[in-house]
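**Q** When you get a sec, could you give me coordinates for this:
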Amino acid sequence: MTNIVIDTNVLLSAIYSDKGASYRLLSIIDSKKFVVNISTTLVYEYEEILKLKSKLGRSDVDAILDYICLIGKNNSIFYLWRPKLKDVDDDFLLELAVKSNSIIVTLNGKDFKPASEFGLRVMTPKEFLKHIGEI
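**A** Numbers count the residues shown, from 1 in each chain. Prediction:
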């Protein structure tokens, strides 16, 4: 099964609009077509950004995060490669993807160019949905 790591910007996009690929990806998150890999650091980032920038209330954000934690595969990461990316705040996401051998699903692919050094793929939500035959 395909492993993925979902960047926070994809979750935020899905919350803002129910029309795009980000929303479609979230709507099939429990489809068993892929495994969502998470880490404590990633969940904390999801929480911080979604509560700060989304239009949802805190309890709705908590419900989304609880579900992601329920279905996601938790991974421990140890911050071994900092700094590797242009945005050092994304380095933990790269390390999580390496550890879980995941495709990074993001709206900012250019920020993850070094992922190819580790044999990882970076896709937009739309590209990933095409990859798994959902569009």
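
**Q** Give the buried residues for stretch 118-126.
**A** For stretch 118-126, burial by neighbour count (16 or more other CB atoms under 10 Å) applies to Leu120, Arg121, Val122, Met123, Thr124, Pro125, Lys126. Heads up, the C-betas are built off the backbone N, CA and C, glycines and all.

**Q** What does the second one show for phi and psi?
**A** Backbone dihedrals for Arg121, given as degrees, to the nearest 10, come out at phi -100, psi 150.

**Q** And for Gly57?
**A** Dihedral angles of Gly57 (phi, psi; degrees, to the nearest 10) stand at phi -80, psi 160.

**Q** Output the helix or strand in which Leu52 is found as CSV, nothing but the C-alphas.
**A** Using DSSP states H and E, Leu52 maps to helix 40-53. As requested, the backbone C-alpha atoms of helix 40-53 are provided in CSV (Å, rounded to 0.1, in the frame of the first residue of the first chain):
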residue,chain,number,x,y,z
THR,A,40,3.8,13.9,17.1
THR,A,41,5.5,16.9,15.6
LEU,A,42,3.3,16.9,12.5
VAL,A,43,0.1,16.6,14.5
TYR,A,44,1.2,19.5,16.7
GLU,A,45,1.8,21.5,13.5
TYR,A,46,-1.6,20.6,12.1
GLU,A,47,-3.2,21.7,15.4
GLU,A,48,-1.3,25.0,15.6
ILE,A,49,-1.9,26.1,12.0
LEU,A,50,-5.5,24.8,11.7
LYS,A,51,-6.6,26.5,14.9
LEU,A,52,-4.8,29.7,13.9
LYS,A,53,-5.8,29.9,10.2
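
**Q** What is it packed up against?
**A** Here helix 40-53 touches helix 8-16, helix 58-71, helix 91-100, going by 3 or more CB pairs under 8 Å, 6 or more residues apart in numbering; DSSP states H and E.

**Q** hmm, who's touching that helix?
**A** 5, 8, 11-12, 15, 56, 58, 61-62, 64-65, 68-69, 74, 76-77, 92-93, 96 (CB atoms under 8 Å, 6 or more residues apart in numbering).
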